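**Student:** sequence below, structure please.
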Amino acid sequence: LMDMADELIERKDLLRQIDRVTCDDWIRAAKACGFLVTQRRGGSSHYRIGRNGFPPEDFKGYIIVVYEHIHKQDKPKVFRKFRQEGIEEDVLWKLLGLLK
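**Tutor:** All right, here's what the predicted structure looks like:
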C-alpha cells in the first residue's frame with residue numbers, strides 16, 4: 001500500500017536527481033508558484049516559504065523553510081510540501097529545472 005507521501009511524487013526517476021536542486025532553485029520555484037519568500041533580518045541563510053496573504057510571523061501561512069546547503073534527505077520533504085499546497089508535480093519539476 002502506497003502512503004500519501006509517495007502519491008505526491010510519481011516521477012521516481014526525477015526524485016533520484018533532486019539532490020541537484022539548490023536553495024536558489026527552491027526560492028525561484030516558490031516565487032514562481034506565488035508563495036511568499038522571506039528571510040530574517042541580518043542575512044540568515046534560512047528562507048521561510050509561506051502562503052501569500054499571511055504576514056511572515058503568522059504560522060498559518062507557513063509552508064516550510066529552505067536553507068543554503070539543504071540536506072539531501074530534506075529535499076523530497078520540501079517537494080511534498082509544495083505538492084500539498086496544490087502545485088502540479090510536472091510544473092514543479094520544470095520550475096526546478098529537472099524536467100524539460
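
**Student:** next, name the residue at the spatial heart of the chain.
**Tutor:** Most central in the chain under CA atoms, centre = their mean is Val78, positioned 4.1 Å from the mean C-alpha point.

**Student:** where does the residue nearest to it when sequence neighbours are not counted fall, helix, sheet strand or coil?
**Tutor:** Closest residue to Val78 apart from its sequence neighbours, by CB to CB, 6 or more residues apart in numbering: Ile64 at 5.6 Å. From N, CA and C alone the C-beta is placed, and that goes for glycine too. Three-state call for Ile64 (DSSP: H, G, I helix; E, B strand; the rest coil): strand.

**Student:** contacts only, for Ile64.
**Tutor:** Ile49, Lys77, Val78, Lys81 (CB atoms under 8 Å, 6 or more residues apart in numbering).

**Student:** quick check, nearest of these to Gly97?
**Tutor:** Val78 (14.6 Å; CB to CB).

**Student:** quick one: the helix or strand where that closest one lies to chain centroid distance?
**Tutor:** Under the criterion of DSSP states H and E, Val78 resides in helix 75-84. Using CA atoms, centre = their mean, to the nearest Å, the distance from the centre of helix 75-84 to the centre of the chain it belongs to is 5 Å.

**Student:** need the contact partners of that helix.
**Tutor:** Against helix 75-84 from outside (CB under 8 Å, 6+ apart): 5, 8-9, 15, 18-19, 21, 26, 29-30, 33, 49, 63-64, 66, 70, 89, 92.

**Student:** stretch 53-62 now?
**Tutor:** Leu36, Thr38, Arg48, Gly50, Arg51, Asn52.
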